[in-house]
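Novice: Here is my input; please provide its structure:
(one chain, ligands or ions: 1)
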Amino acid sequence: SFFKLVRRPILAGLLVSALFLVIHLVVVLFTSQGVFVTRLDYGLQSLASNVLAVGLQIFIASALAEAILFTSPERWFEAGPLEPSPAEKSLQTRFTVNMAPLALILLLTLMIGDWIVAGEAAREMIRSQMSNAAEMSAQSVPYFLETGQNLITKLARDPELMSDNSIQLSELLAESIRTVPYFNQLSIIGKEGQLISSYPTAYNVGPQSPVDEQMGIQFALDGMPFQYYSIPPVEGQKTAQISFLAAIFDQAGDPQRVLIGRADLENNPFSQPILSSLHKLTGEDDIGMLIDGNKRILAHPDPLMVMTTYTGRTADTPLFYIDTDPGGNRMLVYSQPAQGRDWSIVLMAPVYRAQELALQIATPLLAMIVVLSIVALIILRFGLGMVTASLKTLSLEAGRIAQGKLDQPLPANSVDEVGQLRRSFESMRVSLKGRLDELNRLLIVSQGVASSLEFSEAVQPILEAALATGASAARVVLAPNIVHAQDGTPSMPMMYGLGPSQNLYRDLDEQILALTRQQDRLVLPNLQRPRLLNVAPGAPHPESLMAIALRHESLYYGTLWIAYDQPHTFSEEEVRFMVTLGGQAALAAANSRLFLSAEIGRQRLESILASSPDPVLVTDQRDQLLLANPAAWQVLGLNLDETNTGKPINQVIDEPELVNLLRTTSPEKQSVEVSLPGGRVFLATATPVLAEGQRIGRVCILRDVTHFKELDALKSEFVSTVSHDLRSPLTLMRGYATMLEMVGQLNEQQENYVRKIIAGVENMARLVNNLLDLGRIESGVGLQVETINIQDVVDRVVGSLQLQAAQKRIQLTSEFPGGSQPLIEADQALLQQALHNLVENAIKYTRPEGKVHVRVRIQPLGVVFEVIDNGNGISPVDQPRLFEKFYRSVQQGSKEQRGTGLGLAIVKSIAERHGGKAWAESQLGKGSTFYLAIPIHQGIHEVKI
Ligand code: ADP
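Specialist: Got it, this is the predicted structure:
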């Protein structure tokens, strides 16, 4: 702003020049000599030229500085940051600073005006003084001259003046001077200009007369009866002399002689009024002058000036002007012409007299102005101080409000603007406090709702908050469908009330509940007007009432209502507050309902679990035991009681298989057989529990499969015993059946029968062999693991079945991944048999002229054999059971093929013996793909592919 601008050198220079004006004036006033007014006068006179000279210097300097700042600002000095001026910090100072120039201008105007008026008045006073004096002098001048003329002409008429007796003449002249004290010297001049007689002494008369007088003598001798002239003073005198000349005529009327009467202005009684008026001016530097028609000075305070020529102006009318005398002093000049004569009176007074006078006139007024303005300033500052003081206390109070101290009311002690401000602050505080209180109550309410699932607990703060609005009763009524649990028994109370009148009005509950079911808000400032509620005559009823429907997620929970004993108009805020309370109440009801139903569900589940004969274990995501049902305690040992829930399962359960199962991270369902001490075998199935895609633990159900296991073992044992015992008779039967041809010629029919017997026996032998193989594989004896070449295995199988394929005109091919010879650890005979079974099946269940393809894929951890055909395919119904023992598909094509239903079971057994896996993918009518996966290294049975 202004201060920023002042940092520009050029503007700073301008400001300094302005400052110099004042400084110069002060310096001149104190250093120059003379009266105060002269100094002031001089200062003002020289102001313009001095300021111009200095101002020009400053201007050039600042322009240079500005140019430097403009061209290279970085070389300019580092200016500190602007600080707020005192005026910006305080209202009082700002007001003073803003008012100061105004007041100063006003003061200056007043002073200058005063000065001008006073100056005018002083000048006028001096002028009138001068004109008075001059007037008097001017009036006396014609009287003086006329007297001189009359006297001299009267004297000249005396005939005795013509006598030649000089003594007589001299006596006559002396006589004349004595009788009329006007002339100080009388002389008679003869026809040739020679002095005839003179009294008292004859100096400077006749031939020695001043030039003017000699000229006058000539004129008189030529017949001019009367003249007068100004001549230099007599020696020792200070004023000029006036010389009156009269011609002396003889009988015939010719001029014969001249009578000269000289009058000394200083001593002449008739000139005294003139001179005394001239000296009437008081000051020592004042000058009063008498000037004749030839502008010669006749009387002057300075005798040296007498008879010199006056250089100033004179006129026919009085003049008043200012003139500068040769000494350089300025003078006030007044000139007044004498009446009827060419003489003038000139009065002079130095200008400073007028200024002094003006100062005298102006001083009291100036003093008064100064005093008044000081008083005004003090009053203003004091008044402002009062205003700012009350503003300051107000800002303190506002600060308190801002800090949240709302309890102290602001006293309203005035009706002015500050008082109004204070009042609005007060109302702000009150409403803020109200809002804060309301918020506080709501906070308590929501805390209650959040902290308690019991509705009867949560509803208490809500009722209290509702009562705090001034109501005499606050009630919450729950709808019947909320109160009753699914089985119809009430699970929580239906009504809650608080307040002095709550029991008086409880009869209204039913009606209000029914009304708010339709209508979210019921605001009845006057119960009489809309007859919505039926009140029994004489029964107590409130005067006004407000009810809010409790709704949460479009379910109607009941109503919250408050009643007043007096009529009450409900403000917008009250309704809003009640609606908020209603929302909280609905939330509380919804929470406790939800909690109740969840609790009921939980209890149901608990009893289901408790009554289940199968052990159930539940873990959380950190593999800690969460829950174990009584069956589990029983089966898994005694240490599974309440105290062990929450512990890591490996500390609680001893069975490593079960622990591993519960701790796997696999996202799928997994099963494992667990044999427990005591000979019982359980099939444990663990399923991950997922919540929003996150695994939060596992549920493990154990089923007692001891019985099935026993049955299975029994079956296997039976089968293997039977098949073992069947093998020798079957060999025998086959031997003898073959030998039949050898012992004699058989006819065609016999041969046919023998072939059938042999086929049947072979079939049976195969079955028996398969059964024995399966038994051997399952029992796990004789697994001979060695490092084998996969390609050898595949080549051998494909080679041995090539003939069979060729008979059906089936194209049998194999494929290997390029690169190194793949080696794996496995039992060569078993692997070969498994692959053989798969390829044989593929040839069997593919129509003639089909295709069978064997592909090997090598993966980091194992080898996958794929047997792909384009045969019949397997229906989805059969697919899950393909690998079961004795399972044969009933579909077309399978019937024609002889089989035991054991081939795939053997494949599966072999795969599992190697820690691998077998599975199939098939599409009916398009073909099937059978997979056999074997790990590269044996002994790492955990590896699942
Ligand atoms: P079988 O001795 O009957 O072949 P398997 O255990 O080898 O017994 O096969 C079981 C059943 O699976 C067969 O009866 C057949 O229906 C079906 N099957 C096996 N391999 C194939 C295949 N490549 N294409 C179609 N069905 C097949």
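Novice: pLDDT wise, what is the most centrally placed residue in the chain at?
Specialist: By CA atoms, centre = their mean, the chain has its centre lying nearest to A402, at 17.9 Å. A402 carries a pLDDT value of 84.
Novice: gap between Q218 and Q272?
Specialist: Here the distance between Q218 and Q272 works out to 32 Å (CB to CB, to the nearest Å). In this view, the C-beta of every residue, glycine as well, is placed from N, C-alpha and C.
Novice: quick revisit: contacts only, for the residue nearest to the centre of the chain.
Specialist: With contact set as CB atoms under 8 Å, 6 or more residues apart in numbering, A402 has no partners.
Novice: how close does it sit to the ligand?
Specialist: Applying CB to the nearest ligand atom, to the nearest Å, the value for A402 to the ligand is 87 Å.
Novice: same question, V477
Specialist: When V477 is compared with the ligand (using CB to the nearest ligand atom), they lie 71 Å apart.
Novice: Which of the three states applies to that residue?
Specialist: Judged by DSSP: H, G, I helix; E, B strand; the rest coil, the three-state class of V477 is strand.
Novice: can you pull the contacts of it?
Specialist: Counting by CB under 8 Å, 6+ apart, V477 touches M494, M495, Y496, D509, I512, L513, G558, T559, W561.
Novice: Can you tell me, leaving aside adjacent residues, what's nearest to P207?
Specialist: Nearest residue to P207, sequence neighbours excluded (CB to CB, 6 or more residues apart in numbering): G193, at 6.6 Å.
Novice: Same question for Q828.
Specialist: Setting aside the residues directly before and after it, Q828 is nearest to I788 in space (CB to CB, 6+ apart), at 4.8 Å.
Novice: Around the one you found, how many other residues sit close by?
Specialist: 17 (other CB atoms under 10 Å).
Novice: Wasn't it part of a helix?
Specialist: No - according to three-state DSSP, I788 belongs to no helix; its state is strand.
Novice: That one and K908, how far apart?
Specialist: From I788 to K908 the distance is 20 Å (CB to CB).
Novice: likewise S373?
Specialist: Relative to K908, and taking CB to CB, S373 is found at 120 Å.
Novice: swap in Y352?
Specialist: Using CB to CB, Y352 is found at 142 Å from K908.
Novice: near the ligand, which residues of the chain?
Specialist: By CB under 6 Å from any ligand atom, the residues of the chain that approach the ligand are 841-842, 845, 869, 871-872, 874, 882, 887-889, 894, 899-905, 928.
Novice: What remains of those residues if I keep only buried residues?
Specialist: 841-842, 845, 869, 871-872, 874, 882, 888-889, 894, 899-905, 928 (16 or more other CB atoms under 10 Å).
Novice: did I read that right, S197 in a strand?
Specialist: Yes - per three-state DSSP, S197 lies within a strand segment.
Novice: From S170, how far off is it?
Specialist: Counting by CB to CB, the gap from S197 to S170 is 5 Å.
Novice: Kindly report the same for F249.
Specialist: 21 Å.
Novice: Assign a three-state SS to the closest residue to the ligand within the stretch 1-150 of the chain, would you?
Specialist: Going by CB to the nearest ligand atom, the ligand is nearest to E74 of the stretch 1-150 of the chain, at 92.4 Å. When classified by three-state DSSP, E74 comes out as helix.
Novice: A806: neighbouring residues, count only.
Specialist: Neighbours around A806, by other CB under 10 Å: 12.
Novice: And the strands in the stretch 801-945 of the chain?
Specialist: 811-815, 823-826, 851-858, 862-869, 917-923, 927-935 (DSSP state E, counting those that start in this stretch).
Novice: If you could redo that for the stretch 451-600 of the chain, that was the one I meant.
Specialist: Using DSSP E, counting those that start in this stretch, strands in the stretch 451-600 of the chain cover 473-478, 495-498, 521-524, 544-552, 555-564.
Novice: L771: which of the ones you listed is closest?
Specialist: strand 555-564 (66.8 Å; CB to CB).
Novice: Buried residues in the closest one, which are they?
Specialist: Y556, Y557, G558, T559, L560, W561, I562, A563, Y564.
Novice: May I have that strand as CSV, with CA atoms only?
Specialist: Provided in CSV are the C-alpha atoms of strand 555-564 (Å, rounded to 0.1, in the frame of the first residue of the first chain):
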residue,chain,number,x,y,z
LEU,A,555,-39.3,-52.0,9.0
TYR,A,556,-41.7,-50.4,11.5
TYR,A,557,-40.4,-50.9,15.0
GLY,A,558,-42.8,-48.8,17.0
THR,A,559,-43.1,-45.2,18.2
LEU,A,560,-41.4,-42.6,20.4
TRP,A,561,-43.7,-40.0,21.8
ILE,A,562,-43.6,-37.0,24.2
ALA,A,563,-46.5,-35.3,25.9
TYR,A,564,-46.9,-31.9,27.5
